[in-house]
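Engineer: Below are the sequence and a predicted model; questions follow.
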Amino acid sequence: MRILHLHSTFNAGGKERRCAALINRFGPGVSHTIVSAMPDALGARTLIDPAVPVEFPADFPSLAGPLRVRRLRALARAMQGFDLVLTYNWGAMDAAMAHAVFAPILRLPPLVHHEDGFHVDEAQRRNPRRNWYRRIALARASALVVCSAALEQVALTDWAQPRGRIRRIPNGIRTADYGRKVRPDALPRIVKRKGERWLGTLANLRQVKNLPRLVRAFAAMPPEWQLVILGEGPERQTILAEAMKHRLEDRVHLPGHVPDPAAAIGLFDLFALSSDSEQAPLSVIEAMAAGLAVASPAVGDVAEMVAAENAPYVVPAGDEAALGQALATLGMDEPLRRVVGEANRKRAQREFDEAAMAERYGAVYAAAMGRVSFP
């Protein structure tokens with residue numbers, strides 16, 4: 001079985017890590033071809049089991065460019081010979097359009113589209129032109145997979161998708177991997193010292209994550225607390241500049257990308273998000289599985305994801321003072337962090353394990369191909 005994956009980027013963000021986990025779950029009996037709209041953004045390739053046949057072709061038609069029939073035809077022809085085409089987010093929407101236009105003529109394989117959220121330009125309000133484009137491009141999609149209730153509502157309203165096409169599948173992880181102890185020197189370029197407490201987050205360093213907000217909210221925490229931001233991206237210097245502005249450069253650390261979050265997140269004592277937009281963030285599930293309390297704006301499904309004990313620390317979106325207060329309250333009360341963290345751990349194990357997620361994705365892909373099971 002040959003699967004074609006067309007991504008907006010294949011750096012190691014939430015959707016890419018989920019994709020790699022599913023590829024590993026489906027095993028070496030399925031071969032995968034992975035294309036990124038940003039050809040150099042392939043950081044998540046290291047997460048794929050070497051036993052699984054995967055290729056990253058350099059000569060695949062570009063997923064980005066002028067909207068011309070010739071280019072769409074080239075994209076469509078490149079889909080021939082596969083058993084299933086999987087497209088991801090706005091960066092692959094031209095490929096979905098090519099499929100919508102040429103699928104009957106070229107007898108293309110079925111297509112399943114995935115949506116995981118928005119860049120900063122659509123974080124608060126969807127672009128009307130993109131809404132119309134999605135409606136047309138997804139006309140022949142066998143399914144549209146979304147990871148959150150908020151995205152499901154956007155798909156039904158803004159994108160006018162029929163309910164029967166939409167499949168909501170919550171993100172999942174191998175929760176059992178997140179209970180292990182971690183060495184103080186598990187991260188590059190930083191060691192956790194005795195007596196330190198770490199506020200941590202995992203994120204692509206993009207504008208929509210609003211990590212300067214997290215730096216500012218962290219500023220009032222006691223001096224034994226350090227802020228550790230795991231990830232890479234274009235906003236790195238902006239975050240460091242915000243730390244210097246508040247004289248926190250010795251307490252704000254950006255060690256870079258970590259290929260295995262389970263090997264690092266155990267160093268955190270508290271987890272935080274500061275995003276302007278999220279859906280069902282994988283990093284929150286990872287924090288929950290590691291037994292951490294979470295402070296976050298109420299973006300996407302975060303308020304519904306965390307345990308009831310954690311609910312008071314999911315604050316109104318955009319309220320920086322409230323986020324700072326949530327961090328301060330949790331930071332000063334270790335017994336409270338333990339109680340909230342344990343409740344989160346139990347909920348993650350019950351609701352967000354990878355095995356259940358993989359089973360649901362497999363069912364969607366099987367149905368698209370007219371098969372009883374997948375792979």
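Structural biologist: Perfect, thanks for sending it.

Engineer: Quick check: most distant residue from the centroid of the protein.
Structural biologist: For the chain, the residue at maximal distance from the C-alpha centroid (CA atoms, centre = their mean) is Ile105, at 34.6 Å.

Engineer: For that one, which residues are in contact?
Structural biologist: By CB atoms under 8 Å, 6 or more residues apart in numbering, the contact set of Ile105 is empty. Bear in mind the C-beta positions are built from the backbone N, C-alpha and C, glycine included.

Engineer: quick one: it from Asn344, how far?
Structural biologist: 51 Å (CB to CB, to the nearest Å).

Engineer: Looks to me like the residue farthest from the centre of the chain is in a helix.
Structural biologist: Yes. Using DSSP: H, G, I helix; E, B strand; the rest coil, the secondary structure at Ile105 is a helix.

Engineer: per-residue confidence for it?
Structural biologist: As predicted, Ile105 sits at a pLDDT of 97.

Engineer: gap between it and Gly117?
Structural biologist: Taking CB to CB, one finds Ile105 at 33 Å from Gly117.

Engineer: what's the closest non-adjacent residue to Val306?
Structural biologist: Excluding the flanking residues, the one nearest Val306 by CB to CB, 6 or more residues apart in numbering is Val294, at 5.6 Å.

Engineer: For the one you found, name its beta-bridge partners.
Structural biologist: In this entry, Val294 is beta-bridged to Phe271, by DSSP bridges.

Engineer: Next, the buried residues of the longest helix seen in the chain.
Structural biologist: Criterion DSSP state H: the longest helix present in the chain is helix 334-351. Residues of helix 334-351 classed as buried: Arg337, Val340, Gly341, Ala343, Asn344, Arg345, Arg347, Ala348 (neighbour count, 16 or more other CB atoms under 10 Å).

Engineer: With stretch 47-56 instead?
Structural biologist: Using 16+ other CB under 10 Å as the test for burial, stretch 47-56 gives Leu47, Ile48, Val52, Val54.

Engineer: Can you add distance to Ala326 and pLDDT and give the buried residues of helix 334-351 back as JSON lines?
Structural biologist: Formatted as JSON lines, those follow (distance: CB to CB, whole Å; pLDDT from 0 to 100):
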{"residue": "Arg337", "distance to Ala326": "12", "pLDDT": "98"}
{"residue": "Val340", "distance to Ala326": "11", "pLDDT": "98"}
{"residue": "Gly341", "distance to Ala326": "14", "pLDDT": "98"}
{"residue": "Ala343", "distance to Ala326": "16", "pLDDT": "98"}
{"residue": "Asn344", "distance to Ala326": "14", "pLDDT": "98"}
{"residue": "Arg345", "distance to Ala326": "19", "pLDDT": "97"}
{"residue": "Arg347", "distance to Ala326": "18", "pLDDT": "97"}
{"residue": "Ala348", "distance to Ala326": "20", "pLDDT": "96"}
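
Engineer: coming back round to it: hang on, the residue nearest to Val306 packs against Phe268?
Structural biologist: No. The pair Val294 / Phe268 is not scored as a contact, 10.3 Å apart, by CB atoms under 8 Å.

Engineer: So those two - more neighbours on which side?
Structural biologist: Just comparing Val294 and Phe268: by other CB atoms under 10 Å the higher neighbour count belongs to Val294, 27 against 24.

Engineer: Cool, thanks, signing off.
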